[in-house]
Structures are given as structure tokens and as C-alpha cells.
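Visitor: what would the 3D arrangement of this be:
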Amino acid sequence: MMRMLEAGGVEPIVDHEREPNDDNPLGYYEFEPVKALKEDSSWVPGARGKSVKVIYKLVYDLPANVDYRVIFMQRDLVEVLRSQETMMRRDGLDPDSIGRDLLLQMFQGEVMEFRRWAEAQRNIRIFYADYARVVSEPEDMAKEIAKFLDTDLNVRAMAEVVDPNLYRNRSA
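Guide: Have a look, this model is predicted:
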């Protein structure tokens, strides 16, 4: 999604601390200060009009006195777990040491709780983008995202950067 937004004309805030690798060959689009939002959010006002990748667990820590448009990437949680397990194995960790069913239940509960919380926030507008649909219908999704952001984006360029080959952990 970050790559789509960048192609469409939205400047990403990234630090390139984490290099592209086999798990994410196009890069991570991460910004380390996001991880310390609770302690230091002084960078947030400078992000206005730009894109910043924030995992859902850290959205709670965004300052409440700023308005946000959040694109929440919805992905089948079994696929997410499969992807995480692959990364753990590459890093020499044992993903089986954590019960998959328990982890899945935990993720599902956290996502449901986040959705309820986000819907109640007056300063957050949220667009739920289905990952599988982004991959299968990139131009349609790009149009919907441009409408949600209420800005003139290069929809064609957004659609062109979607690489279906990177959707490697599909559910059956």
C-alpha cells in the first residue's frame, strides 16, 4: 500500500533503516520513530499530507489532537501468520513454539477491538482495504483510495506498482 501511495503522488515518510530482503524485496517503508509514538510524537505534525506506515497496535498512540485518514490493510489472518512463520524460520526462530490457534485468536480479538476503538474516534477516518482485492483489482482499489483521501492521485501509476507475485502466502 505504501508503494501504491508513493506511485500515486503521496510522499512516504521512511528512514530506510531496514533493507529489502527475501521477505520484503521492495522494502519496508518503515519509520523508526513510529515505534516510540507514545514517548515522542513531535514528528506527527510534519507528516501532514504524507504517508506513514503505522501498525494497528500503535495507532492508539497517535496524538488525539490531530485528524487522520487511516488505510487499514485487511488481510486473511491465517495468511498473516503464515507470512510471519516464514520470516521467523528465515531468522532461525521456531514458529511452532507459539500455538498457531492461540495466536490466531489473539490477532482476531485485537483487530476486532481496534476496529471498535477506531470507529469511536472523532479524529480518525478509516478505509478498510482488502489485501486480496488490492492485488486482484488494483485500479478499482486505487480509485477508492483516492476518493477516500479526497485528493488527485495517479491511479494508473498506483495500480501498475502492484505485484501479484508478492502475494505468496495465500489462503486456499
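
Visitor: the residue nearest the centre of the chain: which element?
Guide: The structure's the chain has its C-alpha centroid closest to Met73; by C-alpha atoms, centre = their mean the separation is 5.2 Å. When elements are assigned from DSSP states H and E, Met73 belongs to strand 68-74.

Visitor: using PDB, write down the CA coordinates of that strand.
Guide: As requested, C-alpha coordinates have been extracted for strand 68-74 and formatted as PDB (Å, rounded to 0.1, in the frame of the first residue of the first chain):
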ATOM      1  CA  TYR A  68      -6.000  11.200  10.500                       C
ATOM      2  CA  ARG A  69      -7.100   9.200   7.400                       C
ATOM      3  CA  VAL A  70      -6.100   5.600   8.000                       C
ATOM      4  CA  ILE A  71      -5.900   2.900   5.400                       C
ATOM      5  CA  PHE A  72      -6.200  -0.300   7.200                       C
ATOM      6  CA  MET A  73      -4.900  -3.200   5.200                       C
ATOM      7  CA  GLN A  74      -7.200  -6.200   5.900                       C
END
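
Visitor: what's the next secondary structure element after the worst-scoring helix or strand of the chain on mean pLDDT?
Guide: When the helices and strands of the chain are compared on mean pLDDT, DSSP states H and E, helix 77-90 comes out lowest with a mean of 70. Using DSSP H and E, the helix or strand that directly follows helix 77-90 along the chain is helix 100-120.
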